[in-house]
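Student: just the structure for this:
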Amino acid sequence: MASFSNRVIGAAALRVATYEEVEADTSATGQAVAVVVLSSLAAGLPFIRYDGIRGLLGGTTAALVAWFVLAALIAGIGTRILPEPQTKSDLGELLRTLGFAASPGLLMVVGVVPGVGGILGLVVWLWMLAATVLAVRQALDYKSTGRAVAVCVIGFVVSYMVRYLINLVLGLGGLALAF
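Tutor: Residues are numbered from 1 along each chain as shown. A predicted model of the protein is given here:
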């Protein structure tokens with residue numbers, strides 16, 4: 001079994017073997033949750049410069065809720081609306097693979113550097129989308145990467161809208177479009 005750091009690096013490097021390993025390892029659920037929490041904190045950290053601790057908590061909360069919405073959407077869309085004949089998965093497999101797909105989000109901590117956040121956010125968002133596509137393809141046993149892309153794009157758009165709305169509700173309006 002790989003270490004936590006090896007799994008984070010493997011997931012960020014888009015290694016299929018890492019996603020297969022965490023999909024099968026039921027003891028990796030806690031590690032996947034840790035990746036999501038740390039990635040969400042990294043996404044919330046840049047908000048400190050705009051609104052202090054309230055910005056950190058709001059940005060982190062928005063990122064966490066958006067991730068959970070994404071996981072639920074992908075589970076529903078991937079297994080009920082767009083399954084392939086061989087698709088079989090349980091929520092645990094999806095949560096583990098999707099949790100590790102958040103690994104690139106750890107780089108959002110660099111967003112505290114002025115002028116870097118927007119560009120970095122876009123790069124990390126696209127990287128996380130690629131990792132999520134891989135995670136979904138592996139967890140749902142898809143043969144088609146295109147189907148995994150469709151599931152993920154739908155999920156990402158809806159979860160991003162949720163994050164945008166949370167930022168607006170929390171009064172982080174100027175940051176509502178921030179990654």
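Student: list the buried residues of the biggest helix by length in the chain.
Tutor: Longest helix of the chain, by residue count under DSSP state H: helix 48-76. Neighbour-count burial for helix 48-76 flags 51, 55-75 (criterion: 16 or more other CB atoms under 10 Å). (Each C-beta comes from the backbone N, C-alpha and C, glycine too.)
Student: which helices and strands does it pack with?
Tutor: helix 29-44, helix 91-101, helix 117-139, helix 145-169 (3 or more CB pairs under 8 Å, 6 or more residues apart in numbering; DSSP states H and E).
Student: angle of that helix against helix 91-101?
Tutor: 140 degrees (axes from the mean of the first three to the mean of the last three CA atoms, to 10 degrees).
Student: any idea which residue sits dead centre in this protein?
Tutor: A102 (3.8 Å; CA atoms, centre = their mean).
Student: I'd like to know how many residues surround the residue nearest to it when sequence neighbours are not counted.
Tutor: Distances taken as CB to CB, 6 or more residues apart in numbering place S39 nearest to A102, at 4.2 Å, with adjacent residues excluded. With neighbours defined by other CB atoms under 10 Å, the count for S39 comes to 27.
Student: could you do L91 as well?
Tutor: L91: 12 surrounding residues under other CB under 10 Å.
Student: mind listing what it touches?
Tutor: A75 (CB atoms under 8 Å, 6 or more residues apart in numbering).
Student: can you check F4 too?
Tutor: So F4 contacts Q31, A34 (CB under 8 Å, 6+ apart).
Student: worst-scoring helix or strand of the chain, pLDDT-wise?
Tutor: Least confident helix or strand, the chain: helix 48-76 with a mean of 81, by mean pLDDT, DSSP states H and E.
Student: what is the orientation angle of that one with helix 145-169?
Tutor: 140 degrees.
Student: what's the separation between the residue nearest to T61 when sequence neighbours are not counted and A63?
Tutor: Leaving aside its sequence neighbours, T61 sits nearest to I166 (CB to CB, 6+ apart; 6.8 Å). To A63, I166 is 9 Å away according to CB to CB, to the nearest Å.
Student: over to V149?
Tutor: For V149, the distance to A63 equals 22 Å [CB to CB].
Student: next: V36.
Tutor: According to CB to CB, V36 stands 9 Å off from A63.
Student: so D141: helix, strand or coil?
Tutor: Secondary structure for D141, judged by DSSP: H, G, I helix; E, B strand; the rest coil, is coil.
Student: got it, and G171?
Tutor: Looking at G171 with three-state DSSP, the answer is coil.
Student: what does the pLDDT read for L175?
Tutor: Listed pLDDT for L175 reads 49.
Student: oh sorry, the question was meant for F47
Tutor: At F47, pLDDT is 75.
Student: what's the local residue count around it?
Tutor: 27.
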